[in-house]
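Asker: Pasting the sequence and the predicted coordinates here, then a few questions.
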Amino acid sequence: MTASNRIDELLVTIRGLPLSDRLRLLESVARDIAVDKSIVGHENPGSVIGSFSDIAEVMQEVSEAAMVARERDPLRLSNG
């Protein structure tokens, strides 16, 4: 099995998870990458998202899902 096939299988599995679990997974991976700078080869942990440029369409889907989840399930209730 090639790395590409494994990635495709992982994506299918991840997409089958509830949205909240997918977001938690993404946040966990991003934190891990930011902590271990040697993984992305950058000194700036803020550049983590740029390291996903080779899978731009996946990042677009994740970003859209995150925005929908944030609108639907706000972290804090507004005072108004």
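Answerer: Great, that's in hand.

Asker: C-alpha from now on. contacts and neighbour counts both.
Answerer: Fine.

Asker: mind showing which ranges of the chain have poor pLDDT?
Answerer: 36-53, 76-80 (pLDDT under 70).

Asker: At the geometric centre of it, which residue do we find?
Answerer: Leu26 (3.2 Å; CA atoms, centre = their mean).

Asker: State the helix or strand in which that residue lies.
Answerer: helix 19-35 (DSSP states H and E).

Asker: Show me what that helix packs onto, helices and strands only.
Answerer: On a contact count with 3 or more CA pairs under 8 Å, 6 or more residues apart in numbering; DSSP states H and E, helix 19-35 meets helix 56-72.

Asker: Also compute the angle for the helix it packs on relative to helix 19-35, please.
Answerer: 120 degrees (axes from the mean of the first three to the mean of the last three CA atoms, to 10 degrees).

Asker: What are the buried residues along helix 56-72?
Answerer: Residues of helix 56-72 classed as buried: Val62, Ala65, Ala66 (neighbour count, 16 or more other CA atoms under 10 Å).

Asker: can you tell me how far the last one sits from Asn5?
Answerer: This points to Ala66. Counting by CA to CA, to the nearest Å, the gap from Ala66 to Asn5 is 26 Å.

Asker: again with Leu25
Answerer: 20 Å.

Asker: out of these two, which sits in the busier spot?
Answerer: Under the criterion of other CA atoms under 10 Å, the comparison of Leu25 against Asn5 puts Leu25 first, with 14 against 10.
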